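**Q** this one's structure only:
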C-alpha cells in the first residue's frame, strides 16, 4: 500500500539533503512488499541470497503490476524535439515504435519548454543546407492554426504563417502550434509502422535489464490521467514534479503503470531523448555532468576545475502582449513572494543597448504573433502582438544554490534508484520560477510606454498552456552527457572543442562515421554561486559561428558505455560542456534525434544480430549511411 505524498526522511545525514533539494516523493509502508507479478520478474536482475543485485543495475521498489503492456521494437524515452524526430525516423524505417513524454505536449523546446522560436545559425539559414525532414517539419508548423486571446478580435482561421515575423530566426509561433505539429508529424510517420503508439503525461520510472546487465528488456513508466476534463497544468513544475512522477493516484490524477517491451522473438532498442539524460542518470551509466576541466578534456578554453553543479543556465519562458489590461497582470505579479529578495533578482536584469520596441528590438526578437507581419528588423510591433521572453540577463537562471540536475550521489541519497522522481531539484526549479515572475514584473514596471502597454499573459490567455503563464517545464540547455565508447586515441570518447573550431589545432575528421551535421555559435549561458565563489565555468569558451566548423556528429557520440541496446537521441550525447553549447539548439537536437531513430529502425531490419557499437568495427557504416541518406538525412555540409 502506498502512503501519501510526503517529504523524504532518511538518516540524520540525508535528511538535510532532502530539505536542501526540496524533494517530495511517494513512499511505501515499511512492512509492505513491492507488488510484482511473474511476468515482471521473468527478466529481473539476478540477486543473491541477501537480495543484492548481481548485474549492477538498479531495481525499482515498488514496481506495481503493469496495467498496460506496450510491445514495440523501438522505445523512445522523452517526447522532446529530438524524441519526436527519433520516433518519426524509427517509424519511417519500418520499426514499431513507442514514445513516452512527461508533459501534456510533444515537442520539448518548441512546445512545453516554451522556446517556440527556431534559432539556427546564420550560415545554415543562408545556405538552407538542412536535412529535408527538418525543412518539411517547419512547413508543418507554418500550417498549424493558432489560438489567440479573445480580446484580440482576430480572424478565426489564422495560421502560423499568417503571423510569423521575428528576427531570432525565420520561424516563431505559439507553443501549442509546435505541439500540434509534433503530433501531426508522428501520425504521418506512423503510416509506415501502424502498430506504433505514443503517449503524453507519462513519466519514465526506470528499466529492467537482462541478467548480464548489458541489455534493457523493459522500460517502466506511469501514465497520469487528469480527473477533471478542464485540467490545465499549473506551470509550477517545482510544485507538480512529485505528483507527475509518483506511482500513486491522488485527487488530481488517476495513475496507470505502463511497461514497454519488445514483441516476442524480437530485440528491443531504446533511445534516451530526455533533456537531462534521465535513463542515463537513473541507471548511472558513465556520464559527465556540469563543466569540464582542462585536465579532463584537454580543451584550451575548459575550466580550471571540474564542477558537476555548473550546467548551463535554464529558463522558464513566458509571453508578454502589447495590450492594456489596466495593470491587472502587474498587480498579480507584485503579489509573488520570492525566496530570494526582489533586489537580488533585479540587480541582474538588463536589456542592455537593445531597443525595446523599434526595429531589431527586444520585443521583435522572439515575436511569436505579429498581426501585421511587418519587418522585425526595421518596424515596430502593434497592439495585440505577442512576444516570447527568453532573455539571458533576465529569466535565465544559472545560480547553483542548489544546482538543478542531481548528481549520482544525490540520486542515491534521495532513493531515486528505486523510485525515480525526475532527478531534479525542486528548490532550484522554484528559484527559476521566481526569476521568471520577477523579470516579467520588471518589464511591465520599467518598459511599458503609453503607446506600448505591456501585459503578462497567464491562465486561459496564456500561450504557454499553463495557469501561471510560465512554460510547463523550463528550457534545459544541458543535462547529463554520456561518455562514449573508446575509439583509437581516446577513451572515453567525446566531441571536444578542437573538433568544432577552425582556429584551434587538433580537430578530427568524422566523415567516415558521421550521422548528423550541425552548426551554431558556442553559446554558453553561464553558471555562478550566489556569493561568487569560483564556479568552474568555461568563461573563455564562447565563440561566434564564424570560427565554428560544420559540426560532424559521429555515431560514437550516440553510443553509451555499458549497455548494448541504447542510443542517445538528444542533448545527452558524448560532447564536452563546451561543445554542448553548439549542439543543444533546435536543429542540433533534431538532427541527433533523427539519427538515433533511423539507426534504431535500421537495426530492427538486420538479418543478423548487430548492436550500435558493432556497426563501425564490422564495416557496416557505408550501409548505414545509405539508409540515413534514403531517409533524407544530411551527412555533409
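**A** Right, received. Where do you want to start? The shown structure was predicted, so the numbers you read here are calculated from the model rather than taken from an experiment.

**Q** grab the most central residue of the chain for me.
**A** residue 275 (2.8 Å; CA atoms, centre = their mean).

**Q** where's that residue, which helix or strand?
**A** In the assignment (DSSP states H and E), residue 275 maps to no helix and no strand.

**Q** ok, it - contacts?
**A** 78, 80, 108, 113, 476, 479, 570, 571 (CB atoms under 8 Å, 6 or more residues apart in numbering). Every C-beta, even on glycine, is put in place using the N, C-alpha and C of the backbone.

**Q** which non-adjacent residue is nearest it?
**A** For residue 275, ignoring the flanking residues on the chain, the nearest one in space by CB to CB, 6 or more residues apart in numbering is residue 476 at 4.4 Å.

**Q** same check, this time on residue 550
**A** Leaving aside its chain neighbours, residue 550 sits nearest to residue 637 (3.9 Å; criterion: CB to CB, 6+ apart).

**Q** pretty sure the one you found sits against residue 129.
**A** Yes - using CB atoms under 8 Å, residue 637 is in contact with residue 129, at 6.5 Å.

**Q** shaky segments in the chain?
**A** Scanning the chain for pLDDT under 70 picks out 1-54.

**Q** residues of the longest helix belonging to it that come out buried?
**A** In the chain, assigned by DSSP state H, the helix with the most residues is helix 426-447. Residues of helix 426-447 classed as buried by neighbour count (16 or more other CB atoms under 10 Å): 426-444.

**Q** beyond that helix, next helix or strand please.
**A** Downstream of helix 426-447, the first helix or strand assigned by DSSP H and E is strand 454-456.

**Q** tell me the strands beside that following strand, with direction?
**A** Counting by DSSP bridges, the strands paired with strand 454-456 are strand 318-322 (antiparallel).

**Q** between the partner strand and helix 426-447, how many degrees?
**A** 10 degrees (axes from the mean of the first three to the mean of the last three CA atoms, to 10 degrees).

**Q** residue 287 and residue 280, how far apart?
**A** Note on residue 287: its distance to residue 280, by CB to CB, to the nearest Å, is 5 Å.

**Q** now list whatever residues contact both of those two.
**A** When contacts are counted by CB under 8 Å, 6+ apart, residue 287 and residue 280 have 480, 482, 560, 572 as shared neighbours.

**Q** so who does the first one touch?
**A** Applying CB under 8 Å, 6+ apart to residue 480 gives the contacts 276, 277, 280, 281, 287, 288, 289, 405, 572.

**Q** which one (most neighbours) among those residues?
**A** Within the contacts of residue 480, neighbour counts (other CB atoms under 10 Å) peak at residue 572, which reaches 31 neighbours.

**Q** I'd say it and residue 287 touch.
**A** Yes - contact status for residue 572 versus residue 287: in contact at 7.4 Å, counting by CB under 8 Å.

**Q** okay, strands next: where are they in the stretch 1-150 of the chain?
**A** For the stretch 1-150 of the chain, applying DSSP state E, counting those that start in this stretch gives strands covering 2-7, 24-28, 68-71, 74-77, 97-100, 117-118.

**Q** what does the stretch 151-300 of the chain give?
**A** 171-172, 197-199, 202-209, 216-226, 253-261, 269-272, 287-288.

**Q** return the most buried member of the ones you listed.
**A** Highest mean neighbour count among those (mean count of other CB atoms under 10 Å): strand 269-272, with a mean of 30.

**Q** quick one on the thing from earlier: which of the contacts of residue 480 lies closest to residue 238?
**A** For the contacts of residue 480, the minimum distance to residue 238 (CB to CB) is 14.4 Å, reached by residue 405.

**Q** could I get the contacting residues of that closest one?
**A** Counting by CB under 8 Å, 6+ apart, residue 405 has contacts 276, 281, 289, 290, 311, 423, 424, 425, 479, 480.

**Q** roughly how far does it sit from residue 618?
**A** Note on residue 405: its distance to residue 618, by CB to CB, is 36 Å.

**Q** quick check: phi and psi at residue 290.
**A** Main-chain dihedrals, residue 290, degrees, to the nearest 10: phi 80, psi -160.

**Q** count the residues that sit near the closest residue to residue 196 other than its chain neighbours.
**A** In space, residue 196 comes closest to residue 97 once its chain neighbours are excluded; the distance is 4.4 Å by CB to CB, 6+ apart. Residue 97 has 32 neighbours, counted by other CB under 10 Å.

**Q** isn't residue 97 up against residue 193?
**A** Yes - Residue 97 lies in contact with residue 193 (CB under 8 Å); the separation is 5.9 Å.

**Q** what is in contact with those two at once?
**A** Contact criterion CB under 8 Å, 6+ apart; residues shared by residue 97 and residue 193: 90, 91.

**Q** can you classify the closest residue to residue 444 other than its chain neighbours by secondary structure?
**A** Among residues not flanking residue 444 along the chain, residue 330 sits closest, at 4.5 Å (CB to CB, 6+ apart). What DSSP: H, G, I helix; E, B strand; the rest coil gives for residue 330 is helix.

**Q** my guess is residue 259 contacts residue 220. True?
**A** Yes - using CB under 8 Å, residue 259 is in contact with residue 220, at 5.9 Å.

**Q** so the closest residue to residue 301 other than its chain neighbours: helix, strand or coil?
**A** Distances taken as CB to CB, 6+ apart place residue 541 nearest to residue 301, at 3.9 Å, with adjacent residues excluded. Counting by three-state DSSP, the backbone at residue 541 sits in coil.

**Q** count the neighbours of residue 451 for me.
**A** Per other CB under 10 Å, the neighbour tally for residue 451 reads 10.
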